[in-house]
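Student: this one's structure only:
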């Protein structure tokens, strides 16, 4: 008769293999986005599907269910916060979710996702929504089926939201977003009625190689560990991970836009620093990753915006940037630069949006997801609905679908439902976490002005990063900040920061 | 009752998964050599071992043995050359070899190889053979054990030689090498007694970026397909493959040596063009790769040396090279350049050796492998034996072990036995294949002088590349050239080429 320790070891061995297969699959994806020649695509799709299937089969194995059952009394004998109890608890939660979905359905979903992504990558440049329409109908149908595997929901989107942001559901997100919108809309209205800020300093010619070298320097300063990471170029920046010792980011460069590479780097480095900060002993277990989409995004946004677009940060960094680009910036004062990187403007593209208007993009997509899942908005009517809603929220009519309903990959490569709320949850949480760090270390701003990011990074590591997925999002928010999710710090942050830049 | 067609389909499905797992593992290796940060090493080793083990387990599955047995009469009903018969035949050969080796032993071998490689990568820069000695003892012991799984051999090295170069054994390689040595030594002696050629033109300063762009252009001209490949930098150049649609090469650059990147590229592109030329329908089967180490090397050497160091090639390409490096080469006549890239000199390092002395390096290693396996040369005595033999064959005493017995990775990352003969078999075969191509298309040299490599490439594709591993090395040599392996064309090639450059 095996002891609990032996059974736990057996479980860990199985989980490590599954984690390794998933991490290997991530490498396949990274290579596909960075360096793979076009001829590699066909086999790569097949190879990636094979790994996904193997990992899934190994995870839903009844043996894992048996081990989890056998380990229940051991788990109950341990404190909730112990690593072993947490490992068993979190694995059980994921296992119980995984076994509800038939492997055949997962295969169909993945296969459809690959085909649908391919169609989207042709449809977007061609500005042709009709190319993706049938695929999107099927995606919606599959998304509904997926939700149906988790009966007992209040709203059909709830299970899908729960995948990404455990503990949230349509009603709670909707309430939160309504509260936020009420505060946000007056700020947007106030700012956009004022004279636009001159941001031409960002749109001189900035050679790619110089942007890349400065962008690397910046994230090194923030604390991104290059001995366990690297930066490559991709059309869309992302973070990916092949082990806790290899957490990579990607970036892109526009030579007529100094901000693109720079803020992409800080954003992705924020995600990466979260992963790099996880307790190394969680490697290969369900504890060894960030805990939710919203909490993950809070770290990218914290480093990109709260740090990276702050005046204090640039008081330290701007002289270095000027030295890097003397021809372009030596006559541009810090204040002009600071206003340029924080200028607020209603614009078409979510990923290019400023801090203030960004959430309006998210809320619109979130509402559409609910309506599509409910059946109150058909795929056929989606482009027109997009135009109307965009005009209503932004006062601009999108000139086409390319920069309208086709702009984000999410619906075309995954499911409809739960894909977007994490971005705004991240914005809200970035301020809540930063606020808590400030309370613990009031000297953080002064230290950042001197290029010292260690105190902030250290607090985040101690209170958030190292725990990985040991705690759920609601648990870690409460533990780290002393309260449940709240929009107060975020609203206060926006009002204070933008109140100095504009008349609010 | 399943039909033969259904069983064949079942077999192919299984083989495709195994091939995909191995190709995925190759990507892990490529990434490790090109871009992986140091922090990724530990997990990468584990992930690679996992994939190797999974592929091995799936291949030695009794179900595969059963399918092969059931397919015997179907195979016999088909012509020997048919794709289906060949697939069954070659799979059976590999299967019968694979099941003789216990999975546990494979695991031990791989694990030891990884550890031993690690030790070597520290020992070589430190010039410290003692660091690898114990590991190498173990490698020798494992190599002997591996051979013992294939009883009935004439020489204990035979099974190991057979892995790499099917159809060859110690006695046949030894006889071939003796014959070659007899012709080669007088040529080496004659050349090295003459005034050394001035090759200083190659050792000016050649900036890395310019070497890389020219090196890419050269292999594109030869016929390497960049839509199914790419070039990256590594300390040691190699070719690797993730599918027939993704066959990559790597190169290295020394800014004080124009030849390194250039000829590395042509060499690796030769390997890659072989793989890129394989019939796409062989993807995912044991037919979908080159047929032996020697035949593979014949293609790297053919493109690197017979084409890439020929006068005709440079009559076309040298003006382009001069235009690329005007400061360095505009006053260097073609003849001076041609002599420089073909200068013969006794030197310490195999991979840097010229065409004439190269084989002496190989023969020495081959003899040592036989002696170590026989037990007539101990690991302890190896460094000293290296010094003595090197002095005997080259008239130079190696100043250290770093550029002596530690210079090649083979024994430190794999097995002892069968590792080296393929290089010289490749040299011999490169001339034999080229000769056959010339007989079919006498205009090939004239076409190459005009930058047209299509006729040569086409002949190779038709007669060699497309067949992959359908035929064994002896079979494809006979089919493509009309005779068994022979050194005549190679000796004739060396005597003619070097007879024009030196007094022989």
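Tutor: Arrived safely, thanks for sending. Keep in mind that what you see is a predicted model, and the values were worked out from it rather than measured.

Student: got the contact list for stretch A:163-182?
Tutor: The contact list for stretch A:163-182 (C-beta atoms under 8 Å, 6 or more residues apart in numbering or on different chains) reads A:97, A:153-155, A:157-158, A:161-162, A:291-294, A:359-360, A:363, A:366, A:370, A:418-419, A:421-422, A:424-425, A:428, A:472-474, A:485, A:487, A:490-491. All C-beta atoms are positioned from the backbone trio N, CA, C, and that covers glycine.

Student: in strands only, show me the residues you listed.
Tutor: Judged by DSSP state E, the subset of those located in strands is empty.

Student: please pick the buried ones from those.
Tutor: Burial by neighbour count, 16 or more other C-beta atoms under 10 Å in any protein chain shown: within the contacts of stretch A:163-182 this picks out A:153, A:155, A:157-158, A:161-162, A:291-294, A:359-360, A:363, A:366, A:370, A:418-419, A:421-422, A:424-425, A:428, A:472-474, A:485, A:487, A:490-491.

Student: secondary structure class of the residue of the stretch 51-200 of chain A found nearest chain B, three-state.
Tutor: Among the residues of the stretch 51-200 of chain A, residue A:51 lies closest to chain B, at 7.0 Å counting by C-beta to the nearest C-beta. With DSSP: H, G, I helix; E, B strand; the rest coil as the basis, residue A:51 sits in helix.

Student: ok, it touching residue A:23?
Tutor: No: if you go by C-beta atoms under 8 Å, residue A:51 and residue A:23 don't touch, sitting 9.6 Å apart.

Student: show me which of the two is the more surrounded one.
Tutor: residue A:23 (25 against 22; other C-beta atoms under 10 Å in any protein chain shown).

Student: do whichever strand or helix holds that one and chain B meet at all?
Tutor: Taking DSSP states H and E as the definition, one finds residue A:23 inside helix A:4-34. Yes: interface with chain B: helix A:4-34 contributes A:16, A:17, A:20, A:21, A:23, A:24, A:27, A:28, A:31 (C-beta under 8 Å from any C-beta of the partner chain).

Student: so where do the helices sit in the stretch 201-350 of chain A?
Tutor: With DSSP state H, counting those that start in this stretch as the criterion, the stretch 201-350 of chain A has helices at A:208-222, A:258-276, A:293-301, A:311-324, A:326-329, A:334-341.

Student: rewinding a little: what angle separates the helix holding residue A:23 from helix B:4-34?
Tutor: Compare the direction of helix A:4-34 with that of helix B:4-34 by axes from the mean of the first three to the mean of the last three C-alpha atoms, to 10 degrees and you get 80 degrees.

Student: may I see the buried residues of helix A:4-34?
Tutor: Neighbour counts over helix A:4-34 (16+ other C-beta under 10 Å) mark A:4, A:7-8, A:10-12, A:14-28, A:30-33 as buried.

Student: return the residues of chain A in contact with chain B.
Tutor: A:16-17, A:20-21, A:23-24, A:27-28, A:31, A:35-44, A:46-47, A:50-51, A:54, A:225-230, A:232, A:242-246, A:248, A:283.

Student: tell me the mean pLDDT for stretch A:222-240?
Tutor: If you average the pLDDT over stretch A:222-240, you get 97.

Student: distance from the chain centre to it, please.
Tutor: Relative to the chain's own centre, stretch A:222-240 is displaced by 14 Å; criterion: C-alpha atoms, centre = their mean, to the nearest Å.

Student: by contact count, what packs against the lowest-mean-pLDDT helix or strand in chain A?
Tutor: Across the helices and strands of chain A, mean pLDDT, DSSP states H and E gives its lowest value to helix A:103-126, namely a mean of 90. Counting contacts by 3 or more C-beta pairs under 8 Å, 6 or more residues apart in numbering or on different chains; DSSP states H and E, helix A:103-126 packs against helix A:41-59, helix A:130-148, helix A:410-413.

Student: tabulate those (JSON lines), appending mean pLDDT.
Tutor: As requested, the helices and strands packed on helix A:103-126 are arranged in JSON lines below (pLDDT from 0 to 100):
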{"stretch": "helix A:41-59", "mean pLDDT": "94"}
{"stretch": "helix A:130-148", "mean pLDDT": "97"}
{"stretch": "helix A:410-413", "mean pLDDT": "94"}
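
Student: still on that earlier bit, so of the contacts of stretch A:163-182, which ones are in helices?
Tutor: Residues of those located in helices (DSSP state H): A:97, A:158, A:161-162, A:293-294, A:359-360, A:363, A:366, A:370, A:421-422, A:424-425, A:428, A:473-474, A:490-491.

Student: give me the pLDDT value at the one residue in the stretch 301-450 of chain A that gets nearest to chain B.
Tutor: Across the stretch 301-450 of chain A, the shortest distance to chain B (C-beta to the nearest C-beta) belongs to residue A:303, at 19.7 Å. At residue A:303, the pLDDT value in this model is 98.

Student: so it is in contact with residue A:270, correct?
Tutor: Yes: Residue A:303 is within contact range of residue A:270, at 3.4 Å (criterion: C-beta under 8 Å).

Student: residue contacts, the spatially closest residue to residue A:124 that is not a sequence neighbour?
Tutor: Once flanking residues are discounted, residue A:124 sits nearest to residue A:406: 4.6 Å by C-beta to C-beta, 6 or more residues apart in numbering or on different chains. Contacts for residue A:406 were tallied using C-beta under 8 Å, 6+ apart; they are A:120, A:123, A:124, A:127, A:129, A:132.
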